[in-house]
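S.K.: Mind looking at a prediction? Sequence and model below.
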Amino acid sequence: MSWRLLAIIARLGFGLLLFYGTLSVIIAFLRMPALRHFLAVCAVLLIGLWLLYSKLPDWLQDALRSLWKRKQHNDD
């Protein structure tokens, strides 16, 4: 029982450390003006792609998902 608790605490601590590191890197990038514009353009592009993907018919979304999964299994 105590090992499980230790494992949970270790996972939580590692997750929080990883979250803090990721957040620190994002904040550092946002403080750089040149990268801020680049990140804004990437964010707008990603939002646009997600919006386009959400408007596709269900059968086409399923086909794209199955192709993506097949490609991931072939890469392993």
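M.R.: All right, it came through fine.
S.K.: Quick one: low-confidence residue ranges for the protein.
M.R.: Where the chain drops to pLDDT under 70, the residues are 75-76.
S.K.: how does it look with 90?
M.R.: Applying pLDDT under 90 to the chain flags residues 1-15, 21-44, 46, 49-76.
S.K.: Tell me which stretches of it form helices.
M.R.: Using DSSP state H, the helices of the chain run over 2-31, 33-55, 58-75.
S.K.: what separates the second one from the chain centre, distance-wise?
M.R.: Same thing as helix 33-55. 13 Å (Cα atoms, centre = their mean, to the nearest Å).
S.K.: what angle sits between it and helix 58-75?
M.R.: 120 degrees (axes from the mean of the first three to the mean of the last three Cα atoms, to 10 degrees).
S.K.: packing partners for helix 33-55?
M.R.: If you count contacts as 3 or more Cβ pairs under 8 Å, 6 or more residues apart in numbering; DSSP states H and E, helix 33-55 packs onto helix 2-31. The way it works is simple: take the backbone N, C-alpha and C, and place the C-beta from them, glycine included.
S.K.: Columns mean neighbour count on top of the helices of the chain, output as JSON lines?
M.R.: As requested, these are arranged in JSON lines below (neighbours: other Cβ atoms under 10 Å):
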{"stretch": "helix 2-31", "mean neighbour count": "10"}
{"stretch": "helix 33-55", "mean neighbour count": "10"}
{"stretch": "helix 58-75", "mean neighbour count": "10"}
